[in-house]
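1. Pasting the sequence and the predicted coordinates here, then a few questions.
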Amino acid sequence: MITIKSPREIELMRVAGEIVGDTHKYLIPYLKPGITTEEIDSLARDYIIKRGATPSCYHYEGYPANICISINEEVVHGIAGKRKLREGDIVTLDICACYKGYHGDSAWSYPVGKVSDDKKYLLEHTEKALFEGLKQVRAGAHVGDIGEAIETYAKAHNLGVVKELVGHGVGNHLHEEPDVPNYGKKGTGPVLKAGMVIAVEPMLNMGTADVYLLDDDWTVITADGEPSAHFEHTVLVTDEGYSILTKR
Ligand code: MF3
Ligand code: CO
């Protein structure tokens, strides 16, 4: 079942989303060569808690960190540790926070210092792919409209669309119905209604779309070792279009 949120629920989800967006803004100045992913993770946890929320990822199905931090060829669910950011890396922070029982979810990829032109291209076009997908969102649209728009944009820019991981509904669970794939066909899939909340989240690769799971059972990496980027917003579906809950 795809839930329609009440005005009260939407209010709480706006707060959760705002905390997620603000956590991103808070962390950006720290994304410099030399910081460990563990340090970033602790800063995120402390900030989210200071704002009266909790990090939704912590212990989610056993996930051992507070936010997901994925570097270069890591696509999603990288686990914080002693690894340091280096000049030229791209790093994705996937941040989820729960406020009074409601979640916000937003991932964003950032350059560390000066990065290659290829990586700049990947960041620019993965972010644009997110907004191409969001342009389709409105009451009456199909979930497949979003997927087709993202896939068409990615293909036109020679980027690989990760298929194993998808966007999702958001509410008092972090992952709700419907699945929101980054591929598909216009006019197919569930119909969106005003009051639904979904996370749209293209993960695009510079090389092959193929990915695999590391032995830690969480980190997903590209099969060819080429970098991957990930941009995600949680949005409320409206009659006119959408409203971003995870504004930054
Ligand atoms: N935003 C991530 C996702 O939708 C959150 C994952 S939490 C984790 O997959 F615990 F699974 F890492
Ligand atoms: Co998500």
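-> Yep, that arrived. Ligands and ions are numbered 1, 2, ... in the order given.

2. interface residues of this structure facing ligand 1?
-> Within the chain, the residues that sit near ligand 1 (C-beta under 6 Å from any ligand atom) are 57, 60, 63, 68, 77, 94, 96, 105, 107. No exception for glycine: its C-beta is placed from N, CA and C like everyone else's.

3. buried stuff in the longest helix seen in the chain?
-> Longest helix in the chain by number of residues, with DSSP state H as the criterion: helix 7-27. Neighbour-count burial for helix 7-27, with 16 or more other C-beta atoms under 10 Å as criterion, is recorded at 9-10, 12-24, 26-27.

4. Residue 4: what's its closest spatial neighbour, skipping adjacent residues?
-> Distance criterion C-beta to C-beta, 6 or more residues apart in numbering; nearest residue to residue 4, sequence neighbours excluded, is residue 195 at 3.9 Å.

5. Would you check how far apart the one you found and residue 167 are?
-> 17 Å (C-beta to C-beta, to the nearest Å).

6. how about residue 106, secondary structure?
-> Classification of residue 106 using DSSP: H, G, I helix; E, B strand; the rest coil returns strand.

7. Contact partners for it?
-> Residue 106 makes contact with 17, 20-21, 24, 94-96, 199, 232-234, 246, 248, according to C-beta atoms under 8 Å, 6 or more residues apart in numbering.

8. Report the lowest-confidence entry in the residues you listed.
-> pLDDT across those is lowest for residue 248, at 91.

9. thought residue 171 was touching residue 3?
-> Yes - with contact defined as C-beta atoms under 8 Å, residue 171 reaches residue 3; the gap is 5.5 Å.

10. and those two? which has more neighbours close in?
-> A direct count of neighbours by other C-beta atoms under 10 Å for residue 171 and residue 3 places residue 171 higher, at 23 against 16.

11. How much space separates that one from residue 191?
-> Using C-beta to C-beta, we find residue 171 at a distance of 18 Å from residue 191.

12. What of residue 163?
-> Remark: distance between residue 163 and residue 191 (C-beta to C-beta) = 22 Å.

13. Run a quick neighbour tally on residue 191.
-> Residue 191 has 14 nearby residues by other C-beta under 10 Å.

14. mind checking the backbone torsions on it?
-> phi -90, psi 130 (degrees, to the nearest 10).

15. got a pLDDT number for the residue in the chain positioned nearest to ligand 1?
-> Nearest to ligand 1, among the residues of the chain, is residue 63, at 3.1 Å (C-beta to the nearest ligand atom). pLDDT for residue 63: 98.

16. What of residue 51?
-> Looking at residue 51, its pLDDT stands at 98.

17. do the same with residue 36
-> In this model, residue 36 carries a pLDDT of 99.

18. Contact partners for the nearest residue to residue 69 once chain neighbours are set aside?
-> Take residue 69 and drop its neighbours on the chain: the residue closest to it by C-beta to C-beta, 6+ apart is residue 37, 4.5 Å away. By C-beta under 8 Å, 6+ apart, the contact list for residue 37 reads 69, 71, 78-85.

19. quick one on the thing from earlier: out of the residues of the chain next to ligand 1, which are close to ligand 2?
-> Among the residues of the chain next to ligand 1, the residues lying close to ligand 2 (C-beta under 5 Å from the ion) are residue 105.

20. Of the residues of the chain next to ligand 1, just the buried ones, PyMOL syntax please.
-> Buried subset of those, written as a PyMOL selection, criterion 16+ other C-beta under 10 Å:
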select buried, resi 57+63+68+77+94+96+105+107
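
21. Run the chain-centre distance for stretch 115-126.
-> Put simply, stretch 115-126 sits 17 Å off its chain's centre (C-alpha atoms, centre = their mean, to the nearest Å).
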